[in-house]
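Enquirer: When you get a sec, could you give me coordinates for this:
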Amino acid sequence: MNNPQITTRSMHYPLFDTHCHLDLPELWHAWPEHWRLAQQAGVQALLIPAVAKENWPHLLKLCQTNPQFYLALGIHPWWAIKHHLADIDLLALQLQQPEVSVQAIGEIGLDFALDADSFVIQQQLFAAQLALAKRHKLPVILHHRKSQPALLAEIKRQQFSEGGILHAFSGSQQQAHAFIDVGFKLGIGGTITYSRAEKTRNAVSKLPLSALVLETDAPAMPLSGFQGQVNTPAQLAQVFDALCQLRDESPPQLAAALWQNSRQVLRLS
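Expert: Residues are numbered from 1 along each chain as shown. Reported below is the predicted structural model:
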């Protein structure tokens, strides 16, 4: 396994990957090696969001035995068509187990780039999972594609105030502030490594630092120069370096704030 470039800048600071699907097949077969390489690159913590109910048991075990891994449980809109509203009751039961430590509900959301036949169940599952997060006072990890207005409408309808992370932020300052204003932080990932992402890069350069967290979305969303390859949590170092190039703060200031933001949004002591 090739070790991606480890930058001198990132090695000096603790980095928190707030969105890494370590349990998906592309990474799972060699997850200890991926984690070793990530640690070499400065990554000291991961949030692993579930995508479907069949992932929950092994993710619970993984995070219980690895203290640097944190857990979000939920149903991703890509898998919505395979689920039913009754599965939310199963999720609620997981949250009630005294030995289970869950930092967020996720990955949840709406994806209107999928086939329209999934839209109804997507919306039902999202509303139910948001209500569950509100009941348990947990933040949420939000997936979005062509759905930001619908997500915001449901958040406001439920008066959801627990916040969370808008995963894979790409957009304008105005779009960013719409979520910041309702208590969300923005997941900054490989998008900012692409020069063509001018609107997002410009927004990220100007947004409040207190609203930003880092993520890879490994094994998806490869960085510029790595198209067609499996993304890994070690690549978070290059996301951090790309952010350093966009911001006025020094690398130590950025790293400290990003680490604190990540722990704050997940309510980690």
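Enquirer: Could you verify my assumption that residue 38 touches residue 236?
Expert: Yes. Counting by Cβ atoms under 8 Å, residue 38 does reach residue 236; the two are 7.0 Å apart. All C-beta atoms are positioned from the backbone trio N, CA, C, and that covers glycine.
Enquirer: Output the below-cut-off pLDDT ranges for this structure.
Expert: Residue ranges of the chain with pLDDT under 70: 1-11.
Enquirer: In it, mark out all the strands, start to finish.
Expert: 15-17, 43-49, 69-73, 104-111, 140-145, 164-166, 184-188, 212-214 (DSSP state E).
Enquirer: Out of the ones you listed, which gets nearest to residue 94?
Expert: Residue 94 lies closest, by Cβ to Cβ, to one member of the strands of the chain: strand 69-73, at 6.0 Å.
Enquirer: Once you drop chain neighbours, what's closest to residue 131?
Expert: Excluding its sequence neighbours, the residue lying closest to residue 131 (Cβ to Cβ, 6 or more residues apart in numbering) is residue 158, at 6.2 Å.
Enquirer: do residue 53 as well
Expert: Nearest to residue 53 is residue 87, by Cβ to Cβ, 6+ apart, at 5.4 Å.
Enquirer: Give me the buried positions along the longest helix belonging to the chain.
Expert: Scanning the chain for the longest helix, with DSSP state H as the assignment, gives helix 119-136. Neighbour counts over helix 119-136 (16 or more other Cβ atoms under 10 Å) mark 119, 121-123, 125-130, 132-134 as buried.
Enquirer: Serialize these to TSV and add fields for distance to residue 254.
Expert: What follows is the buried residues of helix 119-136, written out as TSV (distance: Cβ to Cβ, whole Å):
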residue	distance to residue 254
119	39
121	40
122	35
123	37
125	36
126	32
127	36
128	37
129	32
130	31
132	34
133	29
134	32
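Enquirer: Common neighbours of residue 38 and residue 236, please.
Expert: residue 17 (Cβ atoms under 8 Å, 6 or more residues apart in numbering).
Enquirer: Show me which of these two is the more surrounded one.
Expert: Using other Cβ atoms under 10 Å as the criterion, residue 38 and residue 236 rank with residue 236 on top: 30 against 27.
Enquirer: could you check the distance from the residue of the chain most remote from its centre over to residue 128?
Expert: Here the chain reaches farthest from its C-alpha mean at residue 117, the gap being 25.8 Å by Cα atoms, centre = their mean. Separation of residue 117 from residue 128 (Cβ to Cβ, to the nearest Å): 19 Å.
Enquirer: now swap in residue 185 and tell me
Expert: 23 Å.
Enquirer: And for residue 70?
Expert: 23 Å.
Enquirer: just residue 61 next, same as before
Expert: Taking Cβ to Cβ, one finds residue 61 at 25 Å from residue 128.
Enquirer: Kindly report the same for residue 66.
Expert: Residue 66 is 29 Å from residue 128, by Cβ to Cβ.
Enquirer: cool, residue 268 as well?
Expert: Taken as Cβ to Cβ, the span from residue 268 to residue 128 is 26 Å.
Enquirer: what's the answer for residue 227, then?
Expert: Distance from residue 227 to residue 128, by Cβ to Cβ: 36 Å.
Enquirer: circling back to that earlier point, quick one: contacts for the residue farthest from the centre of the chain?
Expert: residue 81.
Enquirer: pretty sure residue 154 is in contact with residue 130, am I right?
Expert: Yes. In this structure, residue 154 is within contact of residue 130 by Cβ under 8 Å, at 6.2 Å.
Enquirer: hey, what's in contact with both of the two?
Expert: residue 160.
Enquirer: Next up, the contacts around the residue nearest to residue 131.
Expert: Neighbour list for residue 158: 127, 130, 131, 134 [criterion: Cβ under 8 Å, 6+ apart].
Enquirer: burial count for residue 169?
Expert: Counted with other Cβ under 10 Å, residue 169 comes out at 27.
Enquirer: right, and it touches residue 184 too?
Expert: No. The criterion here is Cβ under 8 Å, and residue 169 misses it with residue 184 at 9.4 Å.
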